[in-house]
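Trainee: Curious how this folds, go ahead:
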Amino acid sequence: MPYIKQERRDPVLNGGIQPKDWTTGDLNFLITVAVNAYVEGHGLSYATINDVCGVLSCARDEFYRRVAAPYENIKIDQNGDVYGFVEKPKIKIAKVIPA
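Mentor: Next comes the predicted model:
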């Protein structure tokens, strides 16, 4: 939840507490601050609420796609799969490095 102690809020916002030292509450607080600023700037309406929900949903999905799923694949390779009925892909997608 975003309800971190008052004395922590400014240091989290202004770099007095480094990201490596953030708690999950600090991260939630930062996201909430950004959402509040967006709502204040665009006004409270169904469209604004829909915008925020859509962005948060897409950000979560993209994080899962780019970070969590590849991490899980590494762990499957290291520790073995638990879904015996799922066939492992036979191809690997090459990483394209821009010129």
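
Trainee: which regions of the chain lie under the pLDDT threshold?
Mentor: 89, 91-94, 96, 99 (pLDDT under 70).

Trainee: 90 instead, please
Mentor: Along the chain, segments meeting pLDDT under 90 span 83-99.

Trainee: okay, now the domains of it?
Mentor: As assigned by automatic domain parsing, the chain contains the domains 1-44, 47-78.

Trainee: Compare the ones you listed and give me the one nearest Gly84.
Mentor: Minimum separation from Gly84 across the domains of the chain (Cβ to Cβ) falls at domain 47-78, 12.0 Å. (Glycine included, C-beta is placed from N, CA and C.)

Trainee: how long is that closest one end to end?
Mentor: 45 Å (Cα to Cα, to the nearest Å).

Trainee: Turn the domains of the chain into CSV, including distance to Lys90.
Mentor: Formatted as CSV, the domains of the chain follow (distance: least, Cβ to Cβ, whole Å):
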stretch, distance to Lys90
domain 1-44, 38
domain 47-78, 14
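
Trainee: Phe85 is nearest to which of the ones you listed?
Mentor: domain 47-78 (14.0 Å).

Trainee: quick one: contacts for the nearest residue to Val12 once chain neighbours are set aside?
Mentor: What sits nearest to Val12 in space, not counting adjacent residues and going by Cβ to Cβ, 6 or more residues apart in numbering, is Asp26, at 4.8 Å. Residues in contact with Asp26 (Cβ atoms under 8 Å, 6 or more residues apart in numbering) are 4, 8, 12, 17.

Trainee: and the first one, which of the three is it?
Mentor: Think Ile4. coil (DSSP: H, G, I helix; E, B strand; the rest coil).

Trainee: Can you give me the distance of it to Thr32?
Mentor: Distance, Ile4 to Thr32, by Cβ to Cβ, to the nearest Å: 10 Å.

Trainee: out of the two, which sits in the more crowded spot?
Mentor: Neighbours of Ile4 and Thr32, each counted by other Cβ atoms under 10 Å, are more numerous for Ile4; the result is 19 against 14.
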